[in-house]
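In: no FASTA, just this:
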């Protein structure tokens, strides 16, 4: 079972190993993506791939997403970033606003934050009642299981960093005119609630980790490690999903030739 207490934040990669492993992982994921999209292999569409990334501010979710999709044809995926729900969205069930961005068969989407906001930020900040966020665990699992049975390989990752590394990245952003826009007063304020968010995350893992869509925790302490680990984790989960769907997982030897 995933737990923030058990995560090792020490792994590091030197630049040479990083570049080799990232290239190999991106090449393999491209092969899997094209196979599921009907562009390689039998030409039959496979299930859609939905990747969810959660984690504290400045953990490196954006860099991990870039490593996952930068080598793909932009027509073959979508990236959606979710913030606070709008006034109209609040009139609906909390899952309503995510439906239109879900990938169909053979498609791919990446959610930078997701419906797990109900049991993380909305819970901690008091934007929903206790009854609402407690009900959300079952609603989420039921929803995810339905997706996974009907049309989707769902991959869930939580990118985590230490308080010290988060502070260093905040200070670096504050000093960079081109990155300063990423940092808000709310980001600084939220640091005071890191322990509360970690407690909520551990309960989230416990209540929403299921066999069709388990949680993976990725160390974001070093950006190079986080990016490689994210793509390699994505590959492993997609391969598992293909087996579950009764699809042949292409051999690595059949990968696309390097240009």
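Out: The structure has been received and is ready for your questions. Just so it is clear, the structure is predicted and the values come from calculations on it, not from any experiment. Numbers count the residues shown, from 1 in each chain.
In: Going by C-alpha atoms from here, please, whenever you check contacts or count neighbours.
Out: Noted.
In: Where does pLDDT dip in the protein?
Out: 1, 255-259 (pLDDT under 70).
In: rerun that using 50 as the cut-off
Out: 257-259 (pLDDT under 50).
In: By residue count, which strand of it is the longest?
Out: strand 152-160 (DSSP state E).
In: How about residues contacting it?
Out: 4, 47-56, 59-61, 103-105, 144, 147-148, 212-221, 226, 230, 234, 237-238, 241-242 (C-alpha atoms under 8 Å, 6 or more residues apart in numbering).
In: and it, how far from the chain's centre?
Out: 4 Å (C-alpha atoms, centre = their mean, to the nearest Å).
In: Stretch 241-253 now?
Out: Going by C-alpha atoms, centre = their mean, the spacing between the C-alpha centre of stretch 241-253 and its chain's C-alpha centre is 21 Å.
In: Can you mark which positions in it are buried?
Out: By 16 or more other C-alpha atoms under 10 Å, the buried positions in stretch 241-253 come out as 241, 242, 245, 249, 250.
In: Need those residues in a markdown table (columns: distance to residue 40 and secondary structure).
Out: Output for the buried residues of stretch 241-253, formatted as a markdown table (distance: C-alpha to C-alpha, whole Å; DSSP: H, G, I helix; E, B strand; the rest coil):
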| residue | distance to residue 40 | secondary structure |
| --- | --- | --- |
| 241 | 17 | helix |
| 242 | 14 | helix |
| 245 | 17 | coil |
| 249 | 12 | coil |
| 250 | 9 | coil |
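In: Now flag whichever of those is closest to residue 73.
Out: Nearest to residue 73 out of those is residue 250 (C-alpha to C-alpha; 19.6 Å).
In: wait, that closest one sits on residue 32?
Out: Yes: using C-alpha atoms under 8 Å, residue 250 is in contact with residue 32, at 7.4 Å.
In: what are the ranges of the strands in this protein?
Out: Remark: strands assigned in the chain by DSSP E are 48-54, 78-81, 108-112, 152-160, 215-219.
In: any idea which of the buried residues of stretch 241-253 is closest to residue 37?
Out: Nearest to residue 37 among these, with distances taken as C-alpha to C-alpha, is residue 242, at 12.3 Å.
In: Might one say that that closest one is in contact with residue 236?
Out: No: counting by C-alpha under 8 Å, residue 242 does not reach residue 236; the two are 10.0 Å apart.
In: Nearest to residue 180, out of the strands of the chain?
Out: strand 78-81 (18.7 Å).
In: Give me the nearest residue to residue 216, chain neighbours excluded.
Out: Ranked by C-alpha to C-alpha, 6 or more residues apart in numbering and with sequence neighbours excluded, the top spatial neighbour of residue 216 is residue 157, at 4.8 Å.
In: Now do the same contact list for residue 212.
Out: Applying C-alpha under 8 Å, 6+ apart, we find residue 212 in contact with 145, 148, 154.
In: And for residue 136?
Out: 118, 119.
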